[in-house]
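In: one predicted model, sequence on top.
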Amino acid sequence: MLKILLNRLKPQAEKIIAEEQADFRPGRSTTEQIVNLRILCEKYLQHQQDLYHVFIDFKKAFDTVWHAALWATMRHFNINAKLIRMIQNLYDKATSAVYLNNSIGDWFRTTVGVRQGCVLSPSSTSSWREL
């Protein structure tokens, strides 16, 4: 089921994700990004122009995605409404519990974060960063 949703989401997400964004995209790699950056630096040096870089470490990116913002972002980029609802249904009643000292704590509703290991998570997190 999740693969079917991914196959429907991916073409729509590809339209909105910036060309420069390489994470979780086939045929893209960190090495390619480093080469692109080096070429850019060399061109700016050659033309004696200032160049500024910003490197953002999305530490715990999957853990910090706010669900309401994710749905709003998908709507903003005109992702198919039915597809958004189907993905929302995966999260609407999501609950978590903390496992500590061989004991499971109380269950609580989860309103932040995307599912670890879910095939939809990379496409989801990439789209909300475009805003």
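Out: Right, received. Where do you want to start?
In: check contacts around residue 15.
Out: Shown in contact with residue 15 (C-beta atoms under 8 Å, 6 or more residues apart in numbering): residue 77. From N, CA and C alone the C-beta is placed, and that goes for glycine too.
In: which helix runs longest in this protein?
Out: helix 30-46 (DSSP state H).
In: could you dump that helix to CSV, C-alpha only?
Out: Backbone C-alpha positions of helix 30-46 (Å, rounded to 0.1, in the frame of the first residue of the first chain) are rendered in CSV as follows:
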residue,chain,number,x,y,z
THR,A,30,26.9,13.8,-2.0
THR,A,31,30.0,13.6,-4.3
GLU,A,32,28.1,15.2,-7.1
GLN,A,33,27.0,18.0,-4.8
ILE,A,34,30.6,18.6,-3.7
VAL,A,35,31.8,18.8,-7.3
ASN,A,36,29.1,21.3,-8.1
LEU,A,37,30.1,23.4,-5.2
ARG,A,38,33.7,23.3,-6.2
ILE,A,39,32.9,24.4,-9.7
LEU,A,40,30.7,27.2,-8.4
CYS,A,41,33.6,28.4,-6.1
GLU,A,42,36.1,28.3,-9.0
LYS,A,43,33.8,30.4,-11.2
TYR,A,44,33.3,33.0,-8.6
LEU,A,45,37.0,33.2,-7.8
GLN,A,46,37.7,33.5,-11.5
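In: so where's the chain shaky on pLDDT?
Out: 22-25, 57-59, 122-131 (pLDDT under 70).
In: which stretches in it count as helices?
Out: Secondary structure of the chain (DSSP H): helices located at 2-16, 30-46, 67-76, 81-92, 121-128.
In: most tightly packed of those?
Out: helix 121-128 (a mean of 20; mean count of other C-beta atoms under 10 Å).
In: one step back: got the helices of the chain as a markdown table, with distance to residue 114 columns?
Out: As requested, the helices of the chain are exported to a markdown table (distance: least, C-beta to C-beta, whole Å):
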| stretch | distance to residue 114 |
| --- | --- |
| helix 2-16 | 12 |
| helix 30-46 | 22 |
| helix 67-76 | 8 |
| helix 81-92 | 8 |
| helix 121-128 | 4 |
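In: neighbours of residue 115, how many?
Out: 15 (other C-beta atoms under 10 Å).
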